[in-house]
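Student: this is a predicted model, with the sequence first.
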Amino acid sequence: MDIEAYRYKPPKPNYLPHNVDMDPPLVEEYNQPLDRPSDMENATFFNKIKRAAQTYGITRPKGYNVSFHTNPEMEKHHFGQTHPMKPWRLTLTKSLVMSYGMSFAMDNYIARTATYEELESFHSSDYLDYLATTPADDTPRDDYDNPDRPVKFNLGGSDCPLFQGLYDYCSMSAGGSMDAARKICSKQSDIAIAWGGGLHHAKRSEASGFCYINDIVLAILQLLRCFPRVLYIDIDVHHGDGVEEAFFSTDRVMTVSFHKYQPDVFFPGTGGLDDNGPKSEHNPGAHHAINIPLNDGITDEQYEHLFRSVIGQVNERFRPSAIALQCGADSLAGDRLGRFNLQVQGHAACVAFCKKLGVPMIIFGGGGYTPRNVARAWAFETAIAIDCQDRIDPVIPAHTPWRDHFQHEAALFPTLEQILGEPRNNKNTAKRLQEIVAHVGEQLRFVNIAPSVQYSVIPPDLAGIRDEVEERLKEESEAKDENLRRVREEGVGVAMEF
Ligand SMILES: [Zn+2]
């Protein structure tokens, strides 16, 4: 058995820096929550989105249920002014989803924070303790200016800063993804959307690439309690290394990552075509990691064709009983860190294709560093989930909060020329893409059709922990209801005396 991948690796310094073409202008910081400033404005906004839902004919999808998991508190966190990760992109996404009236077609949940015990089902306790107790620190520890301040668990460097409220932020992101998984397991949702999750680089005892807690791994562990086989698909521009590593030695999870691959200059530097899991045929995980390495400038047409060919083959052979789809939006054209020529339509075509497979699915967020384009893609992908993609207006509704941030005449689908001026040079040849598809077919020949469940790798009883928490919260809310009832009764009593 290949145990190398499981061995603890000491945290690396900022080893393969994200390569930014030019110094981007400082992205503005936002503090406003989505809620309108007054009750009156909230009511006006509510009426507008209600009308939008009627105008676009947005109703609950027929024959299946979609849930939307968010936590507004998570959106208020800041990685630092110059850091590319802006949690505010989640506010902008939600604002666009609501403005189209899509919220009326879904079950909307405020995600609860994940408990320490839940996080511990993947992460080590010494890592979690450090994450929870180390004070916020604005000065990056491992930068060239601060060579004497080493990082622990890769925390505190410029990629993974120790910002204010970090542990809460991580628990909220993980809580949303775990809630999504639980709704899928309980069959209350057929598609569950958690745009605040998708943080695919985090390792068991190491933060990496802006990711601290691997909410995807936690959610998949939850899915494995109910489903024999989970297919993980990752369309972020970066390799989904943390998820691949976590399920390296099992045949119950197949990971497929599409990403830019240029080991020396592009993060994280892993995910070559020949990296297909453990090398030993005796390890059940062998051939269960599929990597699709791509070059700069890939187009919608190429990407869609490749995605259909690869996922079509994988689906036939592996027969997943649930799908976890990471929709990192840094694969879109014009992303601050990305390198592709993908438009919203091409990115979203992956979601549409997966949805057609008719398997329960969690849709996660992920990377995405140009907030307006992240919001466009994730709102349109939400529309696909609820089956109203053909009915929504390609011009962003006039009442959308922060509408001026979308630029490009508020188009939902700006052209490549509008986004980039000049599209990136496409370095993906048809011949290379054919080779990739052929290689995947070759790997899949080694995969047993619908492998059996190995009870030895059934994850810990997360549901038990969760049920306890549910019970406690229910009791608290009942106690609150009782108080409310009393207050109301007293109020009514007073009114009647008059
Ligand atoms: Zn990414």
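Tutor: Great, that's in hand. Numbering: from 1, shown residues only.
Student: just the element for the residue of the stretch 301-450 of the chain found nearest the ion, please.
Tutor: At 2.6 Å from the ion, residue 367 is the closest residue in the stretch 301-450 of the chain, using C-beta to the ion. Using the backbone N, CA and C atoms, a C-beta is placed for each residue, glycine as well. In the assignment (DSSP states H and E), residue 367 maps to no helix and no strand.
Student: just the closest residue of the stretch 51-200 of the chain to the ion, please.
Tutor: Counting by C-beta to the ion, the stretch 51-200 of the chain gets nearest the ion through residue 200, at 7.7 Å.
Student: contacting residues for that residue?
Tutor: 211, 214, 216, 234, 236, 238, 240-243, 326, 328, 366 (C-beta atoms under 8 Å, 6 or more residues apart in numbering).
Student: now it, nearest residue through space, not along the chain?
Tutor: residue 240 (4.3 Å; C-beta to C-beta, 6 or more residues apart in numbering).
Student: surely that neighbour touches residue 220?
Tutor: No: counting by C-beta atoms under 8 Å, residue 240 stays clear of residue 220, with 11.5 Å between them.
Student: test my guess that residue 353 contacts residue 307.
Tutor: Yes: contact between residue 353 and residue 307 holds when scored by C-beta under 8 Å: they sit 6.3 Å apart.
Student: more crowded one of the two?
Tutor: residue 307 (21 against 18; other C-beta atoms under 10 Å).
Student: and the pLDDT at whatever residue of the stretch 101-250 of the chain ends up closest to the ion?
Tutor: Going by C-beta to the ion, the ion is nearest to residue 238 of the stretch 101-250 of the chain, at 3.5 Å. pLDDT, residue 238: 98.
Student: picking up where we left off before, quick one: pLDDT of the residue of the stretch 51-200 of the chain closest to the ion?
Tutor: For residue 200, the model assigns a pLDDT of 98.
Student: one more: residue 139?
Tutor: Residue 139 carries a pLDDT score of 75 in this model.
Student: how about it, secondary structure?
Tutor: Counting by DSSP: H, G, I helix; E, B strand; the rest coil, the backbone at residue 139 sits in coil.
Student: next one: it relative to residue 163, how far apart?
Tutor: In this view, residue 139 and residue 163 are 12 Å apart by C-beta to C-beta, to the nearest Å.
Student: give the helix, strand or coil label for the residue of the stretch 51-200 of the chain closest to the ion.
Tutor: Per three-state DSSP, residue 200 ends up coil.
Student: could you say which helix or strand holds residue 117?
Tutor: Per DSSP H and E: helix 116-119 holds residue 117.
Student: with just CA atoms, put the next helix or strand after that helix into PDB.
Tutor: Reading on from helix 116-119 to the C-terminus, the next helix or strand found by DSSP H and E is helix 125-133. Extracted in PDB, the C-alpha atoms of helix 125-133 (Å, rounded to 0.1, in the frame of the first residue of the first chain):
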ATOM      1  CA  SER A 125      -6.800  18.400  16.500                       C
ATOM      2  CA  ASP A 126      -3.400  20.100  16.800                       C
ATOM      3  CA  TYR A 127      -4.000  21.900  13.600                       C
ATOM      4  CA  LEU A 128      -7.600  22.900  14.600                       C
ATOM      5  CA  ASP A 129      -6.400  24.100  18.000                       C
ATOM      6  CA  TYR A 130      -3.800  26.300  16.400                       C
ATOM      7  CA  LEU A 131      -6.300  27.600  13.900                       C
ATOM      8  CA  ALA A 132      -8.800  28.300  16.800                       C
ATOM      9  CA  THR A 133      -6.400  29.900  19.200                       C
END
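Student: following helix 125-133, which helix or strand shows up next?
Tutor: Per DSSP H and E, the helix or strand that comes after helix 125-133 is helix 166-185.
Student: quick one on the thing from earlier: comparing residue 240 and residue 220, which residue is more hemmed in?
Tutor: residue 240 (30 against 27).
Student: need the contact list for the more buried one.
Tutor: Applying C-beta under 8 Å, 6+ apart, the residues contacting residue 240 are 200, 201, 216, 232, 234, 255, 257, 259, 271, 326.
Student: so how far is residue 291 from the residue nearest to residue 200?
Tutor: 9 Å.
Student: find the residues that touch each one of the two.
Tutor: In contact with both residue 240 and residue 291: 257, 259, 271, using C-beta under 8 Å, 6+ apart.
Student: make a markdown table out of those residues and add secondary structure.
Tutor: Output for these, formatted as a markdown table (three-state DSSP):
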| residue | secondary structure |
| --- | --- |
| 257 | strand |
| 259 | strand |
| 271 | coil |
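Student: which among those gets closest to the ion?
Tutor: Among the shared contacts of residue 240 and residue 291, and counting by C-beta to the ion, the member closest to the ion is residue 259, at 7.9 Å.
Student: beta partners for the closest one?
Tutor: residue 293 (DSSP bridges).
Student: what pLDDT is listed against it?
Tutor: Model confidence at residue 259 (pLDDT) stands at 98.
Student: next, count neighbours for it.
Tutor: Neighbours of residue 259 using other C-beta under 10 Å come to 26.
Student: and residue 139 and residue 163? which has more neighbours close in?
Tutor: Neighbours were counted for residue 139 and for residue 163 using other C-beta under 10 Å; residue 163 has more, 17 against 12.
Student: contacting residues for the more buried one?
Tutor: For residue 163, counting by C-beta under 8 Å, 6+ apart, the contacting residues are 77, 78, 79, 80, 136, 138, 169.
Student: helices and strands of this structure: which one bottoms out on pLDDT?
Tutor: The helix or strand of the chain with the lowest confidence, counting by mean pLDDT, DSSP states H and E, is helix 462-497 at a mean of 50.
Student: wait, residue 440 sits on residue 313?
Tutor: Yes: the pair residue 440 / residue 313 is scored as a contact, 6.0 Å apart, by C-beta under 8 Å.
Student: next, count neighbours for residue 329.
Tutor: Neighbours of residue 329 using other C-beta under 10 Å come to 31.
Student: and for residue 403?
Tutor: 15.
Student: where does it fall, phi/psi-wise?
Tutor: Torsion angles at residue 403 (phi, psi; degrees, to the nearest 10) stand at phi -60, psi -30.
Student: and stretch 413-432, average pLDDT?
Tutor: 95.
Student: start to end distance for stretch 61-75?
Tutor: Between the opening and closing residues of stretch 61-75 lies a distance of 28 Å (C-alpha to C-alpha, to the nearest Å).
Student: do stretch 270-288 as well
Tutor: 16 Å.
Student: quick one: mean pLDDT for that stretch?
Tutor: 96.
Student: same question for stretch 151-166.
Tutor: The average pLDDT within stretch 151-166 is 91.
Student: run the chain-centre distance for that stretch.
Tutor: Put simply, stretch 151-166 sits 20 Å off its chain's centre (C-alpha atoms, centre = their mean, to the nearest Å).
Student: list the buried residues of it.
Tutor: The neighbour-count check on stretch 151-166 (16 or more other C-beta atoms under 10 Å) flags 151, 153-163, 166 as buried.
Student: mind saving the C-alpha coords of that stretch as CSV?
Tutor: Once non-C-alpha atoms are left out, stretch 151-166 reads as follows in CSV (Å, rounded to 0.1, in the frame of the first residue of the first chain):
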residue,chain,number,x,y,z
VAL,A,151,4.8,29.7,9.7
LYS,A,152,3.2,26.7,11.4
PHE,A,153,0.8,24.6,9.5
ASN,A,154,1.3,27.1,6.7
LEU,A,155,-0.8,29.5,8.6
GLY,A,156,0.0,33.2,8.8
GLY,A,157,1.8,33.6,5.4
SER,A,158,0.6,35.8,2.6
ASP,A,159,-1.5,33.0,1.0
CYS,A,160,-3.3,31.9,4.2
PRO,A,161,-3.2,34.9,6.6
LEU,A,162,-4.4,34.7,10.2
PHE,A,163,-7.2,37.3,9.8
GLN,A,164,-9.7,38.4,12.3
GLY,A,165,-12.5,35.8,12.9
LEU,A,166,-10.7,33.1,10.8
